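Undergrad: I would like to see how this sequence folds:
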Amino acid sequence: MSKTVISSSGAPAAIGPYSQAVRVGEMIFTSGQVALDPATGAIVEGGIEAQTERVVANLSAVLAAAGLDLSHVIKTTVFLKDMGDFAAMNAIYAKAFAPEGVVPPARSTVEVARLPKDALVEIECIAQK
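TA: Numbering: from 1, shown residues only. You can find the predicted model right below:
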């Protein structure tokens with residue numbers, strides 16, 4: 001199968017040798033998104049809640065470029081700088097990925113030592129049309 005690049009101006013541009021997302025058949029694999037504002041390139045202020053909302057917005061923009069939305073996500077991986085932020089992140093995550101009537105994706109969550117730009121959260125996902 002061939003790979004097709006997916007990109008959106010509504011999410012931060014790739015700043016290295018990677019794609020925002022790649023389509024292989026009906027599957028979309030996103031790169032991890034941190035809370036970079038695509039207009040400024042800066043991490044949003046406001047703590048874990050604001051950063052999680054921005055990450056979700058970035059992922060939504062990338063998925064929209066592939067003709068999908070968050071309801072198509074089948075697996076996520078969440079990277080947290082501090083597992084103490086889990087509950088706050090999870091509340092926003094639940095609204096985005098598991099609203100009433102939507103089957104939530106499978107998920108792994110891990111605490112990491114450091115994220116790009118000293119972000120508090122990074123999320124990557126796999127979606128299917």
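
Undergrad: in the chain, which spans are helices?
TA: 47-65, 86-97 (DSSP state H).

Undergrad: Would you mind saying which of those lies nearest Ser108?
TA: helix 86-97 (12.5 Å; CB to CB). (Glycine included, C-beta is placed from N, CA and C.)

Undergrad: now what about that closest one, what contacts it?
TA: 47-49, 52-53, 56, 60, 70, 73, 76, 78, 80, 104-105, 109, 121, 123 (CB atoms under 8 Å, 6 or more residues apart in numbering).

Undergrad: mind checking the end-to-end distance for stretch 2-13?
TA: 22 Å (CA to CA, to the nearest Å).

Undergrad: Now that stretch: buried residues?
TA: For stretch 2-13, burial by neighbour count (16 or more other CB atoms under 10 Å) applies to 6, 8, 11-12.

Undergrad: With mean pLDDT added, can I get the helices of the chain in TSV?
TA: Converted to TSV, these look like this (pLDDT from 0 to 100):
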stretch	mean pLDDT
helix 47-65	98
helix 86-97	98
